[in-house]
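Trainee: build me a structure from this.
(chains A and B)
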Amino acid sequence: MLFNSPEFFLFLLTVFMLIWIIKSRKYQYIVLLLASYFFYYYSSKTYILLFVISSLANFYFGLALFKSKKPKFKKFLLYSAIIFNIGMLGFFKYADFALIIVNDLSALTGHALNFSLLHIILPLGISFYTFEAISYVVDVYRGTFKAEKSLLHFLLFLAFFPKLIAGPIMRASEFLPQLKKKRIKIKAENVKVGITVILWGLFKKIVIADNVAFLVDAIFKDPTSFHSSLPIIIGAFSFGIQVYADFSGYCDIAIGTAKLFGFDLVQNFNRPYLSKNPSEFWRRWHMSLSLWIRDYIYTPVYVSISNKKRLNKIKNIYLKTTIAIYLATMVALFFMGIWHGAYWNFVIYGIYNGLLLVVYYFFSALYKKFKFTKSFLYKLRDIISIFITMYLMMFGFMMFRITNLKLLFFSLKQYTIFNFSQVAQDLNTIKQIIILRPGVVVAAVLFLCVYITYFFVSDLNIKERIKKLSFVSWMLVLVLAILIIIIMIPSKSGTFIYFQF
Amino acid sequence: MNKNNKQVLLLLLGILISGVLALGLYLLLEQIITTQYVDRVGIEGRSVSIDKFCNKYDDQKNGNSSKIILLVGSSNTNSNINATLMMQYLVNITESNKSRKSSLSNSYTIYNLAITGSDPIAQSVFIDCYIKFHPSLVIMGVNQYSFNGDINSDMVLALSKRLNANKEYINQPFISLGTKEVLNYNFLQKAYYKRKYFIQLVIIGPYQLLRPFTHAPSLLDVYTSNVDGVGGINIPYDYEIIHSTAEIERSLYEDNILTNLNNISFNNNSELQSFEYLAKSLKSHNISLIVINYPMHSILLKHMDEERASVYADYMNNDATKYGFEYMDLKYLYVTNDSYFSDKLHLTFNGRNDFTVLITNELINKGSIN
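Mentor: Now for the predicted structure:
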């Protein structure tokens, strides 16, 4: 059930009315849980069983961890929980990839094993709910969060339908306390904000992402059909717009939907394309995943490396720390890449971003040394930094988009080694595409307008502004947004990119 | 019901009203924009002119004993044959040879019903109009490019109010496109379907949208003002912008003309099906048809894939036998005379006059005009 489908809105209206009518907290949560399971079952059918088993197992792992007093047993329980979660994720997501690697490596050694692939269909949202479950058991183990005693609350934490399929990845500490309230009270101001945010998400998805997708698909279907670098650069930047509008649009719909019921989900994006360096980009892009990686991979790896005996031989504390940071960064970003999918392009994507961060850390001291006397020079430096960061991140996004390695390397080469031979012919081809779908241009212009506003207005405080809108003004906003969506809706409004993860 | 619940209810009502208002606004805008488009260059706009003309002809035909010749096709027919000159030429022959045997026994009225930028699909929509004239002869201009199928027939269906599923003569060529369901759409479905073209209509504009369809939209206005006159369009200054050889060569690449010309598939080609439908319909009404492959600029001929051209020629010759029309391949006629061309396909004023006389004489010699 896609967020941009009529079925979803019918489903949402039904659940909303039920929650509004029901006065008991317990029954409200039961309805929400059943609705969430129905939502999952609608798209994933029998995989619902896997999800329920995973939820139950993690609930009892949490309880056992909380009750256990013996450190060794606690550790055993933690490792068991992690192996269970990673094992499940690994089997469904990475089994075929592992078999391909084994087959390829064995072929290299001359003893080809030729294991047949399992062709497993990836259960929807498994990467998201597994990460939420892992964060829960780790937090309980660390003692930063008490295990949830209510099975209903815990199941709802993992299953809450707005964030079930593609996040944002919530921590138990962020969601479960919200369930301790008296009961769900449908508040007018939440409804107002929720609906507006949902529409904003639909706007991003339908008006921007789905329209820009047409150009991206046309270019990356066969990048070798273009002679110059320009189409590849246009394609990369367009995909950057598409993936941002698609995923942040999805998150907005999730956040808005949760808000209707009075729940707050974490923000996943904070104007990432205004980042002035790769490090800042990862603090603004898919924030719930970045923070998860930081807390549950980067930090443990950093601590582990720092405590390594070999590293302790290094007397220079600065060098020691730097080495630990660089290694932990590489490991964390490698996992971030492979989290997206079991393909080589995602491995390359992770390594590239790790290297990018390491290089940035190396030169960041130099970067900060640029001191200017005039304030506008700082602004200029920021603008240049934004463009360079965008260029580098879009380079990475091509690894995200193009799964065929041959086409990927061709595109990466064209992107970096500027080649403008026969550019007129390429531009003509792009012109033909745009003439066929001018919505691409409209979407790009709208996106730019939004971003220019973001650049000049640092804090839009949209939620407060929505709350203050009069009923008539709010309706006018709605009419305008719906009108634009109707006009711009492409014949095929695709699925969300992050659904595949 | 408490205040909060009342507000929630009001908000829900607000969404509903906003949705209805937005839809209403869209329908209004869609009507304004597509109607404006339709009146300017849309297929419906053209049909208005032809419909008007057909209706007018109904009133005038009583008492008119002269035979009718219709010129149909696209801009080539407008630019390459001067109907007024043709008529005048026939009158002059009769006048000057009154005493001789060579004098023509019939008088002729010639109408140019060519639709600029149209393709066989669009032309087949007006078959009833052609038949209504009871012409003794229909001269249709085509070239290989007419069958390239890049006309947005989907859009024609979406925009046209004229087309509907109940008209058999319209259905026939379109059914093969697999888009009959569009014809059967109700008002709301059709309005929603049109959203696909909304942005194109507003942003890019009709000219860019139907580029292969509309390379000389100004003709339409002239056409409308000339419908009362005998001979349809007669604009001496049109197509007088002479393109240089380099420009013509460049346009072949920039407009993807070569690709289109050299990649035409003759299997399931809806343009060909529509053309055949036209030929078949005329034959069933005992109307003679002459299909002319108009002269082409030497540059275009130089780049044309010989093999593909030969497949096309075979196809047309087979069709000629099958549907009983005469096919005249004149593409090489002015291969050594580039000065007769204003661009790769259209003749200049002088070229048109020369070609008109040539064609008229040819028709007299063949006995098609007697």
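
Trainee: pull the contacting residues for residue B:104.
Mentor: Residue B:104 makes contacts with B:90, B:93, B:94, B:364, B:369, B:370, as judged by Cβ atoms under 8 Å, 6 or more residues apart in numbering or on different chains. Backbone N, C-alpha and C define where each C-beta goes, glycine included.

Trainee: let's go with 10 Å and repeat that
Mentor: For residue B:104, the contacting residues are B:67, B:90, B:91, B:93, B:94, B:97, B:364, B:369, B:370, by Cβ atoms under 10 Å, 6 or more residues apart in numbering or on different chains.

Trainee: and it, that one's in a helix?
Mentor: No: Residue B:104 is assigned coil when assessed by DSSP: H, G, I helix; E, B strand; the rest coil, not a helix.

Trainee: need the per-residue pLDDT for it.
Mentor: What the model reports for residue B:104 is a pLDDT of 70.

Trainee: so which helix or strand takes in residue A:194?
Mentor: Element membership for residue A:194 (DSSP states H and E) is helix A:188-202.

Trainee: which parts of that helix are buried?
Mentor: Residues of helix A:188-202 classed as buried by neighbour count (16 or more other Cβ atoms under 10 Å in any protein chain shown): A:188, A:190-202.

Trainee: after it, next one along is what?
Mentor: helix A:210-220.

Trainee: report all helices and strands that that next one contacts.
Mentor: helix A:230-260, helix A:375-401, helix A:405-416, helix A:423-436, helix A:439-456 (3 or more Cβ pairs under 10 Å, 6 or more residues apart in numbering or on different chains; DSSP states H and E).

Trainee: taking helix A:405-416 as reference, get the angle to the second one.
Mentor: Interaxial angle of helix A:375-401 relative to helix A:405-416 (axes from the mean of the first three to the mean of the last three Cα atoms, to 10 degrees): 160 degrees.

Trainee: spatially central residue in chain A, please.
Mentor: The centroid of chain A falls nearest to residue A:286 when counting by Cα atoms, centre = their mean (4.3 Å).

Trainee: near chain A, which residues of the stretch 1-150 of chain B?
Mentor: Residues of the stretch 1-150 of chain B lying close to chain A by Cβ under 10 Å from any Cβ of the partner chain are B:3-15, B:17-27, B:29-30.

Trainee: mark which of these are buried, thanks.
Mentor: Buried among the residues of the stretch 1-150 of chain B next to chain A by 16+ other Cβ under 10 Å: B:7-8, B:11-12, B:14-15, B:18, B:21-23, B:25-27, B:30.

Trainee: keep only those of the residues you listed that are in helices.
Mentor: If you go by DSSP state H, these have B:7-8, B:11-12, B:14-15, B:18, B:21-23, B:25-27, B:30 in helices.

Trainee: mind putting those residues into a markdown table with pLDDT?
Mentor: Listed next are these as a markdown table, based on pLDDT from 0 to 100:
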| residue | pLDDT |
| --- | --- |
| B:7 | 86 |
| B:8 | 88 |
| B:11 | 89 |
| B:12 | 90 |
| B:14 | 90 |
| B:15 | 90 |
| B:18 | 91 |
| B:21 | 93 |
| B:22 | 92 |
| B:23 | 90 |
| B:25 | 91 |
| B:26 | 88 |
| B:27 | 86 |
| B:30 | 79 |
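
Trainee: between those residues, which is nearest residue A:72?
Mentor: Set against residue A:72, the nearest of those by Cβ to Cβ is residue B:8 (53.7 Å).

Trainee: and the pLDDT for residue A:83?
Mentor: Note on residue A:83: pLDDT of 94.

Trainee: now residue B:228
Mentor: At residue B:228, pLDDT is 35.

Trainee: ok, and of the buried residues of helix A:188-202, which contact chain B?
Mentor: Here is what survives when the buried residues of helix A:188-202 are matched to chain B using Cβ under 10 Å from any Cβ: A:188, A:190, A:191, A:192, A:194, A:195, A:198, A:199.

Trainee: any idea of the pLDDT on residue B:168?
Mentor: 43.

Trainee: any idea how far the nearest residue in space to residue B:1 that is not next to it in sequence is from residue A:361?
Mentor: Distances taken as Cβ to Cβ, 6 or more residues apart in numbering or on different chains place residue B:9 nearest to residue B:1, at 7.6 Å, with adjacent residues excluded. According to Cβ to Cβ, to the nearest Å, residue B:9 stands 55 Å off from residue A:361.

Trainee: then residue A:417?
Mentor: Going from residue A:417 to residue A:361 by Cβ to Cβ gives 26 Å.

Trainee: comparing the two, which residue is more hemmed in?
Mentor: The neighbour comparison of residue A:417 against residue A:361 (other Cβ atoms under 10 Å in any protein chain shown) goes to residue A:361, with 16 against 8.

Trainee: enumerate the residues of the stretch 1-150 of chain A near chain B.
Mentor: Proximity of the stretch 1-150 of chain A to chain B, by Cβ under 10 Å from any Cβ, involves residues A:13, A:16, A:17, A:20.

Trainee: the third one: which element?
Mentor: Using DSSP H and E, residue A:17 sits in helix A:6-21.

Trainee: show me what that helix is packed against.
Mentor: Where contact means 3+ Cβ pairs under 10 Å, 6+ apart, helix A:6-21 is packed against helix A:25-44, helix A:161-164, helix A:188-202, helix A:230-260, helix B:3-40.

Trainee: again, 6 Å this time
Mentor: Packing partners of helix A:6-21 (3 or more Cβ pairs under 6 Å, 6 or more residues apart in numbering or on different chains; DSSP states H and E): helix A:25-44.

Trainee: can I see the domain layout of chain B?
Mentor: As assigned by automatic domain parsing, chain B contains the domains B:1-40+B:152-209, B:67-151+B:211-216+B:229-366.

Trainee: between those domains, which gets the lowest average pLDDT?
Mentor: Least confident of the domains of chain B, judged by mean pLDDT, is domain B:1-40+B:152-209 with a mean of 66.

Trainee: and the residue of the stretch 201-350 of chain A found nearest chain B, what does it touch?
Mentor: In the stretch 201-350 of chain A, the residue that lies nearest chain B is residue A:211 (8.7 Å; Cβ to the nearest Cβ). Residue A:211 makes contact with A:439, A:440, A:443, A:490, according to Cβ atoms under 6 Å, 6 or more residues apart in numbering or on different chains.

Trainee: the first one and residue A:334, how far apart?
Mentor: Using Cβ to Cβ, one gets 37 Å for the distance from residue A:439 to residue A:334.

Trainee: so those two - more neighbours on which side?
Mentor: Legend: neighbour count by other Cβ under 10 Å for residue A:439 and residue A:334, higher for residue A:439 (26 against 18).

Trainee: for the more buried one, which non-adjacent residue is spatially closest?
Mentor: Distances taken as Cβ to Cβ, 6+ apart place residue A:211 nearest to residue A:439, at 3.9 Å, with adjacent residues excluded.

Trainee: also residue A:237?
Mentor: Spatially, and ignoring its direct neighbours in sequence, residue A:237 is nearest to residue A:394 (5.5 Å; Cβ to Cβ, 6+ apart).

Trainee: contacts only, for the one you found.
Mentor: Residue A:394 makes contacts with A:236, A:237, A:240, as judged by Cβ under 6 Å, 6+ apart.

Trainee: report how many residues lie close to the first one.
Mentor: What it means is residue A:236. Residue A:236 has 27 nearby residues by other Cβ under 10 Å.

Trainee: in this structure it contacts residue A:398, no?
Mentor: Yes: taking contacts as Cβ atoms under 6 Å, residue A:236 lies within contact range of residue A:398: 5.1 Å.

Trainee: low-confidence regions, chain A specifically.
Mentor: A:367-370, A:372-374, A:436, A:460, A:491-494, A:497-501 (pLDDT under 70).

Trainee: can you give the domain ranges for it?
Mentor: When chain A is parsed into structural domains using automatic domain parsing, the resulting residue ranges are A:6-184, A:187-265+A:417-501, A:273-403.

Trainee: deepest-packed of those, please.
Mentor: Of the domains of chain A, the one with the most neighbours on average (mean count of other Cβ atoms under 10 Å in any protein chain shown) is domain A:187-265+A:417-501, at a mean of 19.
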